[in-house]
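# need the 3D shape of this:
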Amino acid sequence: MSAAPLNFLTSAGKRADITLPLTWFVLAVSIIVCLIIAVLLWMAVKRRRATGGAAETAGIAVERNSGAGLRWITIALALSAVPLLVTLVWTMAALAHVAGPPRRTEMTIDVTGHQWWWEVEYHGPNPSDMFATANEIHIPVGVPVVVRLHGGDVIHSFWVPQLAGKTDAIPGQQNIAWLEAKRPGVFRGQCTEYCGAEHAKMGFEVVAQPAADFERWRLAQLQTAPPPGNPQQAYGMQLTTFRCGLCHAIRGTDAGSHYGPDLTHLMSRRTIAAAMLPNNPGALSGWVQNPQSVKPDALMPDQHLSGPELEAVTAYLETLK
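Model (predicted):
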């Protein structure tokens, strides 16, 4: 999962639709300018080599006296001002369209950046409609979603290039971003403000779904964790509550801390470790046993479980769907 690209040259949402043409324009202008400069330098070097060193010095003096060099500078500045002015006006217009959320918003979520994972809270009209997940944001297609951003410890930056630009998550301050996907899909996001040792491994995913699929996902997330189905899973629940309950919550059990990600529906997520690993039994076991090998300096310690204990914990965690 760590190789998944952050594609900012294609668009899947309204905010990206506004900024993508500007991105291509600036990229094209930059390439053209570099090519022109490279060609002019090549021509100048070629001409000076043909005339020799002494003639080169004399040529410079002639150009200074004749004013030809100043004329070229004036023409170049005038030509440069045109794309710069277009870029300025276009940038201001794009910012005006994407800076604030649209007037019609049907959904608001809170996203908090932590070292080094993302907490996502969904709200509803009643307290019973609230639930939390981690590193995976589900949104309905075609619905503007307001994202209230918070910094849990240091400054982070929220970026989903195919859907929206970057917005900082700052401790003690609430910043507003918004997302709207025009088609179903999974879109990679990333923290883009250096926030510590594992900044590069602080990813997340936005899953855009048809409205009916999103509603089924939401209702499933409201459920508490199922009870263990066999003695091994029961033993795994005891170990998980004892070893992990000081940092993680599993609704329906005695594990109730919110220091780390909520694990109630862990296996419903596509990835673990902030989108660094696929969510399968092998990766899950390795992450539980030795997270420091994947994310050195992460706040989750190595567990040092015995073989049977690790098997029991993994068996229980696999029931959290």
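
# which residues of the stretch 1-150 of the chain fall in strands?
Taking DSSP state E, counting those that start in this stretch, the strands of the stretch 1-150 of the chain run over residues 107-114, 117-122, 131-134, 136-140, 145-151.

# got the ones you listed as a markdown table, with mean neighbour count and mean pLDDT columns?
C-beta here means a position set from N, CA and C on the backbone, and glycine is covered the same way. Below are the strands of the stretch 1-150 of the chain laid out as a markdown table (neighbours: other Cβ atoms under 10 Å; pLDDT from 0 to 100):
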| stretch | mean neighbour count | mean pLDDT |
| --- | --- | --- |
| strand 107-114 | 20 | 95 |
| strand 117-122 | 22 | 96 |
| strand 131-134 | 20 | 94 |
| strand 136-140 | 22 | 96 |
| strand 145-151 | 20 | 94 |
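
# reformat those as CSV; add distance to Val45.
Below are these laid out as CSV (distance: least, Cβ to Cβ, whole Å):
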stretch, distance to Val45
strand 107-114, 50
strand 117-122, 51
strand 131-134, 57
strand 136-140, 53
strand 145-151, 51
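
# looking at those strands, which is closest to Gln238?
Minimum separation from Gln238 across the strands of the stretch 1-150 of the chain (Cβ to Cβ) falls at strand 131-134, 23.1 Å.

# what's that closest one packed up against?
strand 117-122 (3 or more Cβ pairs under 8 Å, 6 or more residues apart in numbering; DSSP states H and E).

# sheet-wise, list the partners of the strand it packs on with their directions.
Strand 117-122 sits in its sheet next to strand 107-114 (antiparallel), strand 131-134 (antiparallel), going by DSSP bridges.

# ok, which of the strands of the stretch 1-150 of the chain comes nearest Asn175?
For the strands of the stretch 1-150 of the chain, proximity to Asn175 was assessed by Cβ to Cβ; strand 145-151 is nearest, at 4.5 Å.

# pairing partners for that closest one, with directions?
Strand 145-151 pairs in its sheet with strand 107-114 (parallel), strand 175-179 (antiparallel), by DSSP bridges.

# sounds good, over and out.
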